[in-house]
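Asks: Fold the stuff below for me.
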Amino acid sequence: MAGLLALASTAQAAPKGYLETIHRHVTLTSSVTDNGDLNPYAIVVAPVSAGKVQKDDVLVDNFNNLSNLQGTGTTIVLYRPSTRQTILFAKLPRTLSGCPGGVGLTTSMAMLKTGWVIVGSTPSTDGTTATKGDGCLIVFDPNGKPVRVWSGSHIIDPWGNMAVKDDGATATLFISMAGEGIPAPTVLDPKTKLPIVVKKASVLRVKLTIPDGKPPEIAEETVVGDGFSQRADRDNFLLGPTGEALGGDGTLYVTDGLDNVITAIPDALTRTDSAGTGKEVTKDGLLAWPLALAWTPEGHLLAANGKDGRVVEVDPVAGKQIYAQWIDNDQAQSPPGNGDLFGIAMLPDNSGFYYVEDDVNTLMRASR
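Replies: Alright, predicted model coming up:
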């Protein structure tokens, strides 16, 4: 009988999901560079060793400059877990030929198996959307040298973290474009007294071909989602769809922070038209402006909240929110951790995840 009770107790105590197994949070490094860039946004774990990058290194970019103006960051730092070293991976000039409006590196970043690094830029000159440019996608070689710039057409303010299907000689990127038609944050909705909402944000699928030893080339661009909410914001520059995560069945999951929802775009790899804003997976509850997404080994999604310091675990198949953990409870913000979280990426062995704390400009590791 005692054995049965022990088993029952163990079963009841079993974690509901992945987040409940995470207990340790460690500061790894600062993202601040020699030129003073700060406000870490994107996190990418290197899938290969190439150039100055070793496999499992962590790349982090900065959205702000020394004056803390948003949309002006031009640097990417590299953290090496094996040696605990931090080096400068790339530093761009403030303006770049082919990138409308200049350079302001966002949460859109990926490293391909062929070693190329692709980063989005949504630039500004005064730190607000009043001077926002249309931006671009920038391709770096694995030594941090920019080698190609893509802009125009559907590439208007690459904003959200990329979902990637990488087959080596070809790759497919999914990137949210949030910024088209957004005015200055001083243009207010008379009803809400907040900056006006413009439902023009989209999710772009970019198919690449990667010639041997040469930079990737765009083979095809398709808008697979559109009509998402976006608006200017003084504290966060702009608000719009940010997280993308591609499921094994080809479903693309997207976070829409303004509407506080995670949606699903079916057949994202093959569809030839837009699914609009997709099908609702889960809304409100523990979510508070969900941003970046990452997959757990169990097939759940981790969503970093932008309005508080929690990460939320979601079962996308059941459409259920499972658990939330405060990973940034900085009491200086209200709610605690408000505006501090952006990028998130799993550790290579899935024993935890990396995240950034914007308020102190650090790369963090959460683990069991």
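
Asks: For the protein, give me the ranges with low pLDDT.
Replies: For the chain, residues meeting the criterion pLDDT under 70 lie at 1-14.

Asks: For residue 145, see how far away the residue nearest the centre of it is.
Replies: Nearest to the geometric centre of the chain sits residue 161, at 2.8 Å (C-alpha atoms, centre = their mean). The gap separating residue 161 from residue 145 is 23 Å, by C-beta to C-beta, to the nearest Å. Glycine gets a C-beta too; all of them are placed from N, C-alpha and C.

Asks: So residue 212 versus residue 145, what's the distance?
Replies: Using C-beta to C-beta, which is the criterion applied here, residue 212 is 19 Å from residue 145.

Asks: Show me what the helix or strand hosting residue 204 is packed against.
Replies: Remark: residue 204 resides in strand 201-209, with elements defined by DSSP states H and E. Judged by 3 or more C-beta pairs under 8 Å, 6 or more residues apart in numbering; DSSP states H and E, strand 201-209 is in contact with strand 170-177, strand 217-228, strand 241-246.

Asks: now it against strand 217-228, angle please.
Replies: 160 degrees (axes from the mean of the first three to the mean of the last three C-alpha atoms, to 10 degrees).

Asks: Partner strands of strand 201-209, with direction?
Replies: With DSSP bridges as the test, strand 201-209 is paired with strand 170-177 (antiparallel), strand 217-228 (antiparallel).

Asks: For stretch 269-278, buried residues please.
Replies: 271, 274, 275, 277, 278 (16 or more other C-beta atoms under 10 Å).

Asks: Direction-wise, compare the strand holding residue 204 with strand 241-246 and give the angle.
Replies: Using the same axes, to 10 degrees, the inter-axis angle of strand 201-209 relative to strand 241-246 is 40 degrees.

Asks: How far away from the center of its chain is strand 201-209?
Replies: 15 Å (C-alpha atoms, centre = their mean, to the nearest Å).

Asks: quick revisit: dump the strands paired with strand 201-209 to TSV, plus distance to residue 140.
Replies: Below are those laid out as TSV (distance: least, C-beta to C-beta, whole Å):
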stretch	distance to residue 140
strand 170-177	15
strand 217-228	15
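
Asks: so how many other residues sit close to the residue lying closest to residue 257 once chain neighbours are set aside?
Replies: The spatially closest residue to residue 257, leaving aside those adjacent along the chain, is residue 289, at 3.9 Å (C-beta to C-beta, 6 or more residues apart in numbering). By other C-beta atoms under 10 Å, 22 other residues sit near residue 289.

Asks: neighbours of the nearest residue to residue 24 once chain neighbours are set aside, just the number please.
Replies: What sits nearest to residue 24 in space, not counting adjacent residues and going by C-beta to C-beta, 6+ apart, is residue 367, at 5.0 Å. Other residues lying near residue 367 total 15 when counted by other C-beta under 10 Å.

Asks: Likewise for residue 301?
Replies: If we define neighbours as other C-beta under 10 Å, then residue 301 has 25 of them.

Asks: if I pick the closest residue to it other than its chain neighbours, what's in contact with it?
Replies: Ranked by C-beta to C-beta, 6+ apart and with sequence neighbours excluded, the top spatial neighbour of residue 301 is residue 314, at 4.6 Å. Listed by C-beta atoms under 8 Å, 6 or more residues apart in numbering, the contact partners of residue 314 are 262, 281, 282, 300, 301, 302, 303, 320, 321, 322.

Asks: Go ahead and build a ChimeraX selection from the buried members of those.
Replies: In ChimeraX syntax, the buried subset of these is picked out as below (16+ other C-beta under 10 Å):
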select :262,281,282,300,301,302,303,321,322
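
Asks: check contacts around residue 187.
Replies: 195, 196, 232.

Asks: hey, what's residue 146 bridged with?
Replies: residue 140.

Asks: hang on, it packs against residue 96?
Replies: Yes - using C-beta atoms under 8 Å, residue 146 is in contact with residue 96, at 6.9 Å.
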